[in-house]
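> Starting from these lines, generate the structure:
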Amino acid sequence: MPSSSLPRPQARAEVGPAEDEGEVTSEIVPSQQVQRDHPPDRMIRDLHQHVTRSSVNSLAFFCHSAFVASFEPRDVSHALSDPSWVNAMHEELENFERNHVWDLVEPPLNCHPIGTKWVFKNKQGEDGMVVRNKARLQMDVKSGFLNGYIEEEVYVKQPPGFESAKFPDRVYKLRKALYGLKQAPRAWLQIKQGLEGTFIHQAKYTKDILRKFDKGDLKPMATPMSTQTALDADEEGEVVDQREYRGMIGSLLYLTATRPNIQFAVCLCARFQASPRLSHRQAVKHIFRYRKYTPELGLWFSLASLLSLRGYSDADFAGCRLERKSSFGTCQFLGSSLVSWSSRKQSSVATSTTEAEYIATTSYCSQLLWMKSTLSDFGLSFRKIPLLVDSTSAISVAKNPVLHSKTKHIDVRFHFLRDHYEKGDIDLIHVETENQLADIFTKPLDLSIFAHLRGELGVCYPF
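Got it, this is the predicted structure:
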């Protein structure tokens with residue numbers, strides 16, 4: 001459906017005397033009218049019929065399904081044709097309004113406002129059903145920050161599909177950093193540049209969240225998680241405040257931008273946000289105690305090293321106590337600088353250590369190939385990128401030209417990984433377990449190993 005034939009949602013209604021002052025106080029106006037009065041002759045149920053819990057649940061499921069779209073729009077015009085996605089966009093703009101992100105103003109002279117775009121994504125539940133339509137208004141990139149105050153004057157165009165009918169030529173002046181804005185990371189990152197390289201840390205933000213969650217008097221700890229920690233659902237445990245728990249997890253996730261050594265601990269605790277228990281909060285508290293012990297640590301990017309590309313991949317077989325899925329971690333270096341890392345749970349249950357390691361290696365192969373393609377745009381070419389794995393059996397499976405019966409269930413991954421190995425895109429290399437840097441992303445480690453791997457990742461104190 002062409003955009004010209006669609007109704008233009010009146011997302012903003014300007015009110016009050018602020019119009020005479022050049023700025024407008026705005027409020028989101030819903031585009032749909034809600035019918036509250038229902039005549040009895042239009043009702044389909046007997047008014048005197050008893051309502052049971054099961055019937056309420058069925059009705060709730062029906063209502064939920066009716067107001068959640070199952071598709072992801074291809075563009076703004078497509079989204080505006082569906083009331084569910086229109087509501088999702090309203091929800092995003094109302095969030096900006098509540099957080100005082102911007103003001104609608106007359107564009108100043110020589111103003112070049114930044115364009116915006118809508119990004120649409122369906123959120124799914126554990127059963128695979130769509131539970132929420134999420135619309136985000138972003139800049140040029142997908143990574144986003146919000147709520148950090150900015151110093152420069154930045155103007156953005158009105159959101160596509162939600163231009164003000166009364167003031168179509170006005171622009172939004174940002175009070176806070178919007179998704180993808182270059183100034184956004186400055187709200188959390190401290191950067192020190194020198195002749196030998198760049199050091200990035202979040203010491204101030206660390207101190208801020210310790211005060212925010214009243215953790216300033218905690219006893220410091222030397223590691224983010226004890227080797228004895230084994231978290232599970234703990235259904236019999238004491239229930240804790242879900243909002244506080246989620247707030248702590250969200251704050252810690254921002255810290256992983258410069259502290260990859262806490263990635264595993266934070267991601268493990270994040271799995272229990274739906275129903276946090278006391279044992280889970282104690283694990284999060286342990287991470288805070290480690291942050292207090294090492295507030296000045298950050299990430300070092302050296303200028304002295306040669307440009308080379310290498311990656312590490314590791315898996316912890318059946319590490320998840322909930323589903324017995326394996327956890328796997330990866331990290332990627334450009335020269336001696338860590339540029340990418342991850343810690344996550346595999347999507348399927350592996351039946352052996354070899355399979356778990358092999359799946360992790362194959363998944364990370366894709367990441368290395370993407371990085372190789374990206375660097376080629378800058379005139380950098382790489383062949384036989386070293387991919388270091390501590391499982392000799394997983395390497396043997398990838399290099400063996402014969403597909404044995406025990407590996408038939410992973411034959412697609414087998415052909416993908418082996419194909420790129422034969423092409424010379426990657427080179428599978430065995431590394432001793434004590435030098436497997438990705439090990440820090442798969443399990444809790446004792447202090448000596450943890451400190452060694454942390455240093456090898458480039459996480460250090462300022463010079």
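
> Can you list the low-confidence ranges for the stretch 201-350 of the chain?
Applying pLDDT under 70 to the stretch 201-350 of the chain picks out residues 318-319, 321-322, 347-348, 350.

> For it, just list every one of the helices.
203-212, 242-255, 263-270, 278-293 (DSSP state H, counting those that start in this stretch).

> Same list (these) but as TSV, adding distance to residue 120 and mean neighbour count.
(C-beta placed from N, C-alpha, C; glycine too.) Shown next, in TSV, are the helices of the stretch 201-350 of the chain (distance: least, Cβ to Cβ, whole Å; neighbours: other Cβ atoms under 10 Å):
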stretch	distance to residue 120	mean neighbour count
helix 203-212	31	16
helix 242-255	22	17
helix 263-270	24	23
helix 278-293	32	20
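
> In JSON lines, list these along with distance to residue 456.
Formatted as JSON lines, the helices of the stretch 201-350 of the chain follow (distance: least, Cβ to Cβ, whole Å):
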{"stretch": "helix 203-212", "distance to residue 456": "22"}
{"stretch": "helix 242-255", "distance to residue 456": "20"}
{"stretch": "helix 263-270", "distance to residue 456": "15"}
{"stretch": "helix 278-293", "distance to residue 456": "18"}
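
> how about those, which one is nearest residue 76?
Closest to residue 76 of those, according to Cβ to Cβ: helix 242-255, at 28.6 Å.

> counting contacts, what elements does that closest one pack onto?
helix 203-212, helix 263-270, helix 278-293 (3 or more Cβ pairs under 8 Å, 6 or more residues apart in numbering; DSSP states H and E).

> Let's have these in CSV, adding distance to residue 226.
CSV is the format used below for these (distance: least, Cβ to Cβ, whole Å):
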stretch, distance to residue 226
helix 203-212, 20
helix 263-270, 10
helix 278-293, 7
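
> Out of the helices of the stretch 201-350 of the chain, which gets nearest to residue 193?
helix 203-212 (16.2 Å).

> hmm, who's touching the closest one?
Helix 203-212 has contacts (Cβ atoms under 8 Å, 6 or more residues apart in numbering) with 188, 190, 215-216, 218, 248, 251-252, 254-255, 288, 291-292, 295-296, 298.

> Just the closest of these to residue 232, please.
Nearest to residue 232 among the contacts of helix 203-212, with distances taken as Cβ to Cβ, is residue 248, at 19.4 Å.

> was I right about the closest one contacting residue 291?
No - using Cβ atoms under 8 Å, residue 248 is not in contact with residue 291, being 11.0 Å away.

> quick one, what contacts residue 259?
By Cβ under 8 Å, 6+ apart, the neighbours of residue 259 are 202, 297, 298, 299, 459.

> ugh, wrong one, I meant residue 260
299, 331, 338, 341, 440, 441, 457, 459.

> The fifth one: what secondary structure?
Per DSSP: H, G, I helix; E, B strand; the rest coil, the secondary structure class of residue 440 is helix.

> quick one: it and residue 155, what's the gap?
Relative to residue 155, residue 440 is positioned 43 Å away (Cβ to Cβ, to the nearest Å).

> do the third one as well
Spatial separation of residue 338 from residue 155 under the definition Cβ to Cβ is 36 Å.

> And for residue 423?
As judged by Cβ to Cβ, residue 423 and residue 155 stand 48 Å apart.

> Those two - which one has more neighbours?
Between residue 423 and residue 155, counting by other Cβ atoms under 10 Å, residue 155 is the more crowded of the two (17 against 10).

> Next up, the contacts around the more buried one.
105, 107, 108, 111, 112, 113, 114, 171, 172, 173, 174.

> nearest to residue 277, of those residues?
Of all the contacts of residue 155, residue 174 has the smallest distance to residue 277: 39.8 Å, by Cβ to Cβ.

> With the flanking residues excluded, which residue is spatially nearest to residue 328?
Among residues not flanking residue 328 along the chain, residue 360 sits closest, at 3.6 Å (Cβ to Cβ, 6 or more residues apart in numbering).

> In terms of secondary structure, what does the helix or strand that contains that neighbour contact?
Using DSSP states H and E, residue 360 maps to helix 353-376. Applying 3+ Cβ pairs under 8 Å, 6+ apart, we find helix 353-376 packed against strand 309-316, strand 327-334, strand 337-345, strand 385-389, helix 392-399, helix 411-423, strand 426-430.

> tell me the most buried of those?
Comparing the helices and strands packed on helix 353-376 by mean neighbour count (mean count of other Cβ atoms under 10 Å), strand 309-316 ranks first with a mean of 26.

> tell me what that strand is packed against?
Strand 309-316 sits against strand 327-334, helix 353-376, strand 385-389, with contacts defined as 3+ Cβ pairs under 8 Å, 6+ apart.

> If we use 10 Å, what do you get?
Secondary-structure packing of strand 309-316 (3 or more Cβ pairs under 10 Å, 6 or more residues apart in numbering; DSSP states H and E): strand 327-334, strand 337-345, helix 353-376, strand 385-389, strand 426-430.

> Would you mind putting the ones you listed into CSV with distance to residue 231 alongside?
Formatted as CSV, the helices and strands packed on strand 309-316 follow (distance: least, Cβ to Cβ, whole Å):
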stretch, distance to residue 231
strand 327-334, 12
strand 337-345, 13
helix 353-376, 19
strand 385-389, 27
strand 426-430, 31
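
> I'm done for today, thanks for sticking with me.
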